[in-house]
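Student: sharing a sequence plus its predicted fold:
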Amino acid sequence: MNRKLKKSSTDKALTGVCGGIAEYFGISSLGVRLTFIFLPVNLIIYLILAVTLPDSPPSL
């Protein structure tokens, strides 16, 4: 199993970071989004991931 963490092309609200993390771990994207909202240090992590994570190819 060779999975890579990528931004989601289908489950995105802003940049697709939370959707990509949720797809990678197989969890709900709502929980990931709430974690990023309620923990202030995660804003910095979110911005870093938004810049560095590659986009996933668009799905049909």
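Tutor: Yep, that arrived. Numbering: from 1, shown residues only.

Student: what score does Tyr24 have for pLDDT?
Tutor: The model reports Tyr24 with a pLDDT of 93.

Student: in a helix, it, correct?
Tutor: Yes. Secondary structure of Tyr24 (DSSP: H, G, I helix; E, B strand; the rest coil): part of a helix.

Student: now do the contacts for the nearest residue to Pro58 once chain neighbours are set aside.
Tutor: Sequence neighbours aside, Ser9 is the residue nearest to Pro58 in space, at 5.0 Å (criterion: C-beta to C-beta, 6 or more residues apart in numbering). Every C-beta, even on glycine, is put in place using the N, C-alpha and C of the backbone. Applying C-beta atoms under 8 Å, 6 or more residues apart in numbering to Ser9 gives the contacts 16, 55-59.

Student: just put those residues in a markdown table and tack on neighbour count.
Tutor: Putting the contacts of Ser9 into a markdown table (neighbours: other C-beta atoms under 10 Å) gives the following:
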| residue | neighbour count |
| --- | --- |
| Gly16 | 22 |
| Asp55 | 13 |
| Ser56 | 18 |
| Pro57 | 8 |
| Pro58 | 7 |
| Ser59 | 7 |
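
Student: and Thr35, what does it touch?
Tutor: Asn42.

Student: could we number from 51 for the rest of this?
Tutor: I'll keep to 51 as the first residue from here, and by that count the last item is Thr85.

Student: got phi/psi on it?
Tutor: phi -60, psi -40 (degrees, to the nearest 10).

Student: and for Thr60?
Tutor: Phi and psi for Thr60, reported as degrees, to the nearest 10, are phi -110, psi -30.
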